[in-house]
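Novice: give me coordinates for this.
(3 chains)
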Amino acid sequence: MADTLLDVKNLRIEATVYPPDEPAHDITIVDDVSFSLEKGKVLGLIGESGAGKSTIGLSPMAYGRGGVRITGGKVMLNGRDILKERTRGVRRLRGKEVCYVAQSAAAAFNPAHKLMDQVIEATVRHGSAGKDEAKKRAVDLFRRLGLPEPERFGNRYPHQVSGGQLQRAMTAMALCSRPDLIIFDEPTTALDVTTQIDVLAAIKDAIRDTGVAALYITHDLAVVAQVSDDILVLRHGKKVEHGTARQIIEDPQEQYTRDLVSVRSITHEEKKPGDSPILSVKNITAAYGKGPAAVPVLKDVSVDITAGQTLAVVGESGSGKSTLARVITGLLPPREGEITFDGRPLARRLGSRSRDDLRELQMIYQMADTAMNPRHTVRTIIGRPLEFYFNMRGKERDARVQELMDEIELGNGFLDRYPAELSGGQKQRICIARALAAKPKLIICDEVTSALDPLVADGILKLLLNLQKIENVAYLFITHDIATVRAIADSIAVMYRGEVVRYGTKSEVLSPPFDDYTDLLLASVPEMKIGWLEEALKRRSMESAGN
Amino acid sequence: MGAGIAKLVAQRFALGVLLLLAVSVVIFVGTNILPGDVAQSILGQSATPQAVANLRESLGLNQPTYVRYFEWLGGILHGNLGTALSNGQPIGPELLSRLGNTLFLAFWAALVAVPLSIILGLIAVRHRNGFIDNLISASTLAAISLPEFFIGYLLIYFVAVRLGWFTSVATVYQNMPFLDRMNAIALPAATLTLVVLAQMMRMTRAAILNVMQSAYVETAELKGLSRFKIILRHAFPNAIAPIINVIMLSLAYMVVGVVVIEVIFVYPGMGQYMVDHVAKRDIPVVQDCGLIFAAVYITLNMLADIFSILSNPRLRHPK
Amino acid sequence: MLLSLRRIPISAQVGILVTIAFVLAALLAPVIAPYSSTVVVGDVWEPMSAKHWLGTDNLGRDLFTRLLYGGRITLFIAALATALSFTLGASLGFSAAVIGGWFDEVLSRFVDMIMSIPTLIFALVVLSVLPSNTVTLIVVMGILDSTRVYRISRAVAVDVNVMDFVEAAKLRGEGKIWVIFREILPNALSPLVAELGLRFIFAILFLSALSFLGLGVQPPQSDWGGMVKENKDGIVFGIPAALLPAAAIAILAISVNLVADWVLNRTTDLKGGRGNG
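Specialist: This next block holds a predicted model:
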């Protein structure tokens, strides 16, 4: 194969771990992974956390992050084994033949230097171009990547531009030295969905225009399907399936791949809203800080939740959706407006609420890790609300805890464990059980699935739906993810910059005619479909032409 | 760089001045309100009531505390540090020459300690988790556990007495030839260096390591830059502020360490002067010395903060 | 979670053993000591011998006996001062973190101010007017050092206090007592125990420095720092008597440091966990 650029054979990667109070030992992170990449093609590396995708992705740069070592196999780049190169050879390769785009460009740019100096640094250092030529290239790339004021953009410092712009600047930095291969390591994961689509399109265009090959690492199959020619599915450091993007998405062979493809396809029939809401939020205005310096975050927000149903509050970062939760729980008293709970007015401050108010309104957090006291056992974590609200002790309490453990499908053997001994999904289940223990009428779920891997998140959503049927509990579900909303909501409130811009039943909110923001939001959510990105962009340009 | 950063620096400076004023109040009030009659405790229990009353009069103790405070503070601001009780001499000239000696000692110790600790800190980072690094962290642990006088007397015992190098008593006097003076302060300066070295080295190591583990250094590494280039262009500009901070804090720490070391080597500095007069309960001297020590300490801390403000790119280039 | 001895690293084991040996020696001083600590039993600065294991001091008293009794005084004062600084500093630091508002503001600014005066200098200023006795020493050392404890316990408590599980407890309606003792304290314990070790070392070093300067424990009693002062004139004649109490301080300090270091290192990360799965 004449135009094979990268050929990885039987790659094996190990790391030494230093657990506290235990002798250090080696673990295998990547085991016997092989793949190859032709010039100008894009290979997607996909997997959940712990799949070893980033570790594999960095191997063409002969780089191991945090003490990780490549201990077996070959990495052939342009026909030579780079694992045999010495320091000098490796340095000539990095930044010249292979470039890297990190997940967090904000951290990857040096705060002390201007963007331009950093973008052209590798190009100049490796002698690919003189300083002026490199600057010209950079400006051209800034323009192509849709950065504002491309001539002057490079004069800014990293903290002076936005996250989406930095991500594009980092892509420009990688393209500037005209490498053969670029490694994109989750380049859009940290971005809001409406920003992600632009960056994604910019990356895809740049790859096409320059003919560079790429490894695209992500946990999001729908994203990788838009940019890749081929996809390699990884799990626990091993290969699961390798095929063309179309084959993986449309005709997956392995069960694990099928699970990944069908993720987020839970369907949930919406219920009609009832007359008497369990929670009614009326004309809430809230701000952080006091006096004239206060920062307004919620403006005249009104929503209702019917008993036993789910209201999804959707919005991007800065929309005020989490603040709404803080207002309802009483952590942030509103400046104006009223909250009615189960027909009675709810005190504005947490401190003035009755114990029944507190009990019937529970909360589940995004990070289950920090939502549980690491020094308490599962028995204490779930048992405490039973003691506190129902005065249950001893055997009675333990029996009820076990009942709850069965409800969250965890069963025996967990009661005396500490949170650190549980997996991410298990932790979130324990948090759900703790909320249920109070026999609440409403649970506020704040991004409860966004820190979890897709398959685990699906399990949590199914559990929540199931529990709603059994316990008749209502959810206020805060999320940035439209797929999650589709899966769980009965009604939806779309928030943008502190205001509810669209509110109604799920079918109303998700069918046209749309307002501008909801339209943009819906159109930006990647779909598990080859060619979605082009369609979405085409629709968008037609609309803007029509306006 | 704009008005924002100037404002921050001005604020920090104002805070330093305010702090110094507050400290002067604390020192003055602390020596006045505490139990016991100052005059009585100076003269001892056997003193006649008449003698005590005379002393009270001459100390101005019959005036309200706040009046005496403002007189004291006003005097200091005009360069008048008052009169020592023990010998009736003005404090100013004596204290000034003592302060000069102390700063001379601290200056030479710092001149050795600062570069040495930075170099050792860099070596520790370069060979992280290796033998040298472990040796350095072990010696740090030992060094912060050692009393100053242990280090000082070890040096005297082995270097001055056994080997016969340098002198064990660091006598200096006015118009002393420079080389003699250096010979006299060799051991106290060495002790002071050893006292602060480990701490400085550890803080330098942590500061550099913090920068070296950042994502932008990884980016530089993945650009194929040489080790030297990475440290010079990417690590150093970001590590300089924390390192200067370390230096300032260590210098501030030296100011305190110098007290015990001056006593060990009978060095005529301000620490020795203060300790002698605490024993004599000569309160005006103690107040003045305390204030000057605190002023040096506060100034160095303030400089450390101002430098980190000045070197922060986010503040230097606001949005 | 019982710790088996084998899982403790060798350095910490040594630290624990030596510390225990020092404490036992101090407690049992009257039993172990071969002579009286105040009686002259030989010539001035006799060398080490079978009769006087470590020789004699500047007045001809048995140095080994003096070391045992000196250790007793040193450990006693340092322990009480540390206990005082911890009780005061930790309770105020925790309260400031949980209560917040003006209480926190006033207390924190006050501590900032006290800490802007070097501890030794502050102690010298205060000791120039206070009567020289053990109670004064303990109180002055305890209060001055409590500012450090206040800072660290407040910082640790503030860190824990903003975690979601504390918010969850507040949303449940738990009172301040539960929040402080059941939610925050268990998570603040390890750093505080390590800090306790460091503060104890500091108290020993601080007391020794004061006594060395002649402002700490007053004769005829002597702690280790005082013994260094008594015997320091021998150094220039090549007599190492002053080095022994100084070395005792150093060895004890290093041992406690080794233990504190280990406690700090095994402090498990609050976020804990093995990631997702």
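Novice: what about residue 148, neighbour count?
Specialist: Just so you know, I chose chain A. Residues lying near residue A:148 (other Cβ atoms under 10 Å in any protein chain shown) number 10. No exception for glycine: its C-beta is placed from N, CA and C like everyone else's.
Novice: actually it's chain B I care about, not the one you picked
Specialist: A count of nearby residues for residue B:148, using other Cβ under 10 Å, gives 24.
Novice: which residue is the nearest non-sequential neighbour of residue 122?
Specialist: In the absence of a named chain, this looks at chain A. residue A:95 (3.4 Å; Cβ to Cβ, 6 or more residues apart in numbering or on different chains).
Novice: ah, no, chain B please
Specialist: Closest residue to residue B:122 apart from its sequence neighbours, by Cβ to Cβ, 6+ apart: residue B:208 at 6.5 Å.
Novice: residue A:418 too?
Specialist: residue A:377 (6.0 Å).
Novice: next: residue C:158.
Specialist: residue C:97 (4.6 Å).
Novice: count of neighbours near the one you found?
Specialist: 22.
Novice: that one: what's it in contact with?
Specialist: C:104, C:153, C:154, C:157, C:158, C:161, C:184 (Cβ atoms under 8 Å, 6 or more residues apart in numbering or on different chains).
Novice: 7 Å - rerun?
Specialist: C:154, C:157, C:158, C:161 (Cβ atoms under 7 Å, 6 or more residues apart in numbering or on different chains).
Novice: so the last one is in contact with residue C:99, correct?
Specialist: By that I understand residue C:161. No: using Cβ atoms under 7 Å, residue C:161 is not in contact with residue C:99; the gap is 10.5 Å.
Novice: neighbour count winner among those two?
Specialist: Neighbours per residue (other Cβ under 10 Å) separate residue C:161 from residue C:99, with residue C:161 holding more: 21 against 12.
Novice: the residue nearest to residue C:158: helix or strand, and which one exactly?
Specialist: helix C:63-99 (DSSP states H and E).
Novice: for that helix, which positions count as buried?
Specialist: For helix C:63-99, the neighbour count (16 or more other Cβ atoms under 10 Å in any protein chain shown) marks C:63-75, C:77-86, C:88-90, C:92-98 as buried.
Novice: how about the helix or strand that that helix is followed by and chain A, touching?
Specialist: Using DSSP H and E, the next helix or strand after helix C:63-99 towards the C-terminus is helix C:101-115. No: with Cβ under 7 Å from any Cβ of the partner chain as the criterion, chain A is not reached by helix C:101-115; the gap is at least 12.6 Å.
Novice: right, is helix C:101-115 up against chain B?
Specialist: Yes: counting by Cβ under 7 Å from any Cβ, chain B has neighbours in helix C:101-115: residue C:113.
Novice: residues in contact with that helix?
Specialist: Taking Cβ under 7 Å, 6+ apart as the rule, helix C:101-115 contacts B:19, B:22, B:23, B:26, C:92, C:96, C:147, C:150, C:151.
Novice: picking up where we left off before, contacting residues around the residue nearest to residue B:122?
Specialist: B:121, B:122, B:125, B:235, B:239.
Novice: what's the most distant pair in the residues you listed?
Specialist: B:121 and B:235 (12.3 Å; Cβ to Cβ).
Novice: quick revisit: report the rounded mean pLDDT for the host helix or strand of the residue nearest to residue B:122.
Specialist: Using DSSP H and E, residue B:208 sits within helix B:178-212. Regarding helix B:178-212, the rounded mean pLDDT is 84.
Novice: just to revisit the earlier point, take the contacts of residue B:208 and keep only those in helices.
Specialist: Members of the contacts of residue B:208 lying in helices (criterion: DSSP state H): B:121, B:122, B:125, B:239.
Novice: need those in JSON lines (columns: neighbour count).
Specialist: Output for the ones in helices among the contacts of residue B:208, formatted as JSON lines (neighbours: other Cβ atoms under 10 Å in any protein chain shown):
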{"residue": "B:121", "neighbour count": "24"}
{"residue": "B:122", "neighbour count": "17"}
{"residue": "B:125", "neighbour count": "20"}
{"residue": "B:239", "neighbour count": "23"}
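Novice: between these, which is nearest chain A?
Specialist: Chain A has its nearest neighbour among these in residue B:239, at 10.0 Å by Cβ to the nearest Cβ.
Novice: which residues of chain A lie near chain C?
Specialist: So chain A meets chain C at A:20-21, A:49-50, A:329, A:350, A:355, A:358, A:363, A:365, A:367, A:369-375, A:385, A:388, A:419-420, A:423-425, A:452-453, A:456 (Cβ under 7 Å from any Cβ).
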